[in-house]
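**Q** structure for this input, please:
(one chain, ligands or ions: 1)
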Amino acid sequence: MLSSRMSNLHPYIPGEQPKDRNYIKLNANENPYPPSPKVIKAVRSAAKAHPEKLGLYPDPDSNELKEAIADMLNKSGGVLCRANLEKGKKNGSGAIVSPSEFDKIPFVVTPDMIYAGNGSDEVLSFVFYAFFDSDRKLVLPEHTYSFYPVYGGFYDIPLEKIPLKADWTLDREKMLEAANKEDSPIIFANPNAPTSLGLTREQVREMLEKAPKDKVFVVDEAYVDFGGESSIPLLAEFQNLVIVRTTSKSLCGAGQRLGYLVANRELVNAVTTVKNSLNHFPIDFLAQTAGIAACRDAGYYVKCAQSVAFERDDFIDFLREKGWSVLDSQTNFIFCKKDGVNGLEAYKKIKAEGILVRRFDTPGIEEYLRITVGTHEQMQALREVMKEI
Ligand SMILES: *Cc1c(COP(=O)(O)O)cnc(C)c1O
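**A** Purely as a prediction, here's the structure:
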């Protein structure tokens with residue numbers, strides 16, 4: 001009864017969501033803080049003041065949401081938290097949203113440069129459909145967001161996986177070499193997962209200069225708000241650049257399923273065509289309402305991102321003191337291992353104490369743990385457990 005296509009499917013395995021016990025969840029890179037009170041208020045009053053809207057189709061193109069996203073990007077410079085650049089300065093001044101000179105976008109992001117979808121996973125899926133072909137390899141790092149290979153199977157797109165360098169950074173030279181060999185598109189996450197390391201904007205620019213100009217170059221910025229450098233300013237120079245973002249991590253919104261991309265208009269139109277051929281109304285009315293309110297209260301999320309960044313850096317110091325090898329993180333998670341400690345055993349020991357972290361069976365990273373940064377209390381609880389490992 002199954003189509004032949006089915007044999008290409010290798011579904012993504014998400015971080016576990018067990019119901020049997022009230023675990024401290026540090027395994028899916030969700031934000032430990034609730035959404036802004038203004039989001040809760042907006043959703044409540046939308047349902048109350050306009051109950052009829054739940055019976056009507058939502059705006060298929062999320063126009064007000066795209067305006068709110070564009071506005072947030074223009075005001076913030078596309079990055080909420082630069083805490084890692086001012087290490088040690090534990091300030092709570094996040095309420096002021098203004099870009100540093102460094103982050104300032106040298107043009108105005110307009111709503112027609114944005115496509116919004118039902119989680120960035122769906123946005124990515126449409127990107128794969130719109131820009132990658134089955135007769136041409138897609139170049140990506142060997143270790144990166146594990147949904148990319150899943151979509152590769154779904155859309156029958158051959159992949160060329162380029163191993164990371166010994167220091168876990170992207171091998172930019174090898175990626176470019178592979179892309180130029182067959183005139184291939186490129187995708188990677190920046191900062192990358194599960195390594196937590198990012199490229200600077202200058203490094204992305206250098207790659208873009210050398211990459212094929214007639215193929216799309218996708219940068220997934222799911223974690224950029226925790227201290228990465230956004231490539232949005234580069235859109236002025238590179239017509240083939242597509243930047244994918246999500247509200248799931250830095251905007252405390254994993255439950256509302258809201259992601260977006262920023263790119264030049266033609267590419268946005270292409271993705272919109274895919275959407276209109278597959279899922280005409282991807283974002284429901286309440287999620288649009290929540291997303292609009294979140295973007296309009298970016299200051300709240302700056303504070304959340306700063307708290308996460310400070311907690312992260314404290315925890316990295318703690319782990320290093322305890323003899324763990326930890327990569328410098330620009331994200332809301334930590335990638336670490338300890339010599340002589342088996343990754344699976346460590347994961348099990350931590351789980352037995354009621355805390356979930358992420359571990360991968362993927363060859364090359366089996367001994368590593370990927371720990372989402374939680375609240376101070378959650379990380380305190382994890383400290384107690386990890387002292388014993
Ligand atoms: C979490 C994550 C996503 C998915 O985000 P959603 O908007 O929740 O679908 C995409 N890319 C990367 C790199 C991620 O870590």
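**Q** make it CA atoms for all contacts and neighbour counts henceforth
**A** OK.
**Q** scan the chain for its longest helix.
**A** The longest helix of the chain (DSSP state H) is helix 298-321.
**Q** average pLDDT across that one?
**A** The average pLDDT within helix 298-321 is 95.
**Q** with stretch 359-369 instead?
**A** In this model, stretch 359-369 carries a mean pLDDT of 94.
**Q** the longest helix of the chain: which residues count as buried?
**A** 298-313, 315-316, 319 (16 or more other Cα atoms under 10 Å).
**Q** write out the residues of the stretch 51-200 of the chain neighbouring the ligand.
**A** Counting by Cα under 6 Å from any ligand atom, the positions of the stretch 51-200 of the chain adjacent to the ligand are 119-121, 145, 189, 193.
**Q** considering the residues you listed, which possesses the most neighbours?
**A** Most neighbours among those, by other Cα atoms under 10 Å: Ala189, with 27 neighbours.
**Q** so what's that one closest to, chain neighbours aside?
**A** Of all residues not flanking Ala189 in the chain, Asp220 sits nearest, at 4.3 Å (Cα to Cα, 6 or more residues apart in numbering).
**Q** neighbours around the one you found, how many?
**A** 24.
**Q** so it sits right up against Phe188, yeah?
**A** Yes - counting by Cα atoms under 8 Å, Phe188 is a contact partner of Asp220 at 6.1 Å.
**Q** show the pLDDT at the residue nearest to Ala189.
**A** At Asp220, pLDDT is 98.
**Q** now do the helices in the stretch 201-350 of the chain.
**A** Remark: helices assigned in the stretch 201-350 of the chain by DSSP state H, counting those that start in this stretch are 201-210, 265-278, 285-296, 298-321, 343-352.
**Q** off-centre distance for the first one?
**A** Between the centre of helix 201-210 and the centre of its host chain there is 20 Å, according to Cα atoms, centre = their mean, to the nearest Å.
**Q** outside of that helix, which residues touch it?
**A** With contacts defined as Cα atoms under 8 Å, 6 or more residues apart in numbering, helix 201-210 is touched by 172, 176, 217, 229-231, 234, 238.
**Q** quick check: end-to-end length of stretch 244-252?
**A** Using Cα to Cα, to the nearest Å, one end of stretch 244-252 lies 17 Å from the other.
**Q** quick one: the residue nearest the centre of the chain from Lys215, how far?
**A** The residue lying closest to the centre of the chain (Cα atoms, centre = their mean) is Ala222, at 1.7 Å. For Ala222, the distance to Lys215 equals 22 Å [Cα to Cα].
**Q** so how far is the ligand from Ala222?
**A** Separation of Ala222 from the ligand (Cα to the nearest ligand atom, to the nearest Å) stands at 5 Å.
**Q** contacting residues for that residue?
**A** 189-191, 244-246, 249.
**Q** which strands or helices does the one helix or strand Val150 maps to pack on?
**A** Element membership for Val150 (DSSP states H and E) is helix 147-154. In terms of contacts (3 or more Cα pairs under 8 Å, 6 or more residues apart in numbering; DSSP states H and E), helix 147-154 is packed against helix 119-131.
**Q** can you give me how far the helix it packs on is from the chain middle?
**A** Worked out by Cα atoms, centre = their mean, helix 119-131 lies 13 Å from the chain centre.
**Q** could you give the angle of it to helix 147-154?
**A** Helix 119-131 runs at 50 degrees relative to helix 147-154, counting by axes from the mean of the first three to the mean of the last three Cα atoms, to 10 degrees.
**Q** sorry, back to before: specify which member of the contacts of Ala222 is nearest to the ligand.
**A** Proximity of those to the ligand (Cα to the nearest ligand atom) peaks at Thr246, which lies at 4.4 Å.
**Q** the closest one reaches Ala116, doesn't it?
**A** No - judged on Cα under 8 Å, Thr246 makes no contact with Ala116 at a distance of 9.4 Å.
**Q** what about those two, which has more around it?
**A** Ala116 (30 against 27).
**Q** reformat the residues of the stretch 51-200 of the chain next to the ligand as a markdown table; add pLDDT and distance to Gly259.
**A** Converted to a markdown table, these look like this (pLDDT from 0 to 100; distance: Cα to Cα, whole Å):
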| residue | pLDDT | distance to Gly259 |
| --- | --- | --- |
| Gly119 | 97 | 4 |
| Ser120 | 98 | 4 |
| Asp121 | 97 | 8 |
| Tyr145 | 96 | 15 |
| Ala189 | 98 | 14 |
| Ala193 | 97 | 17 |
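**Q** list of residues touching stretch 184-198?
**A** Contacts of stretch 184-198 (Cα under 8 Å, 6+ apart): 132, 136-141, 143-145, 168-169, 175, 178-179, 199, 212, 215-224, 228-229, 327-331, 333-335, 370.
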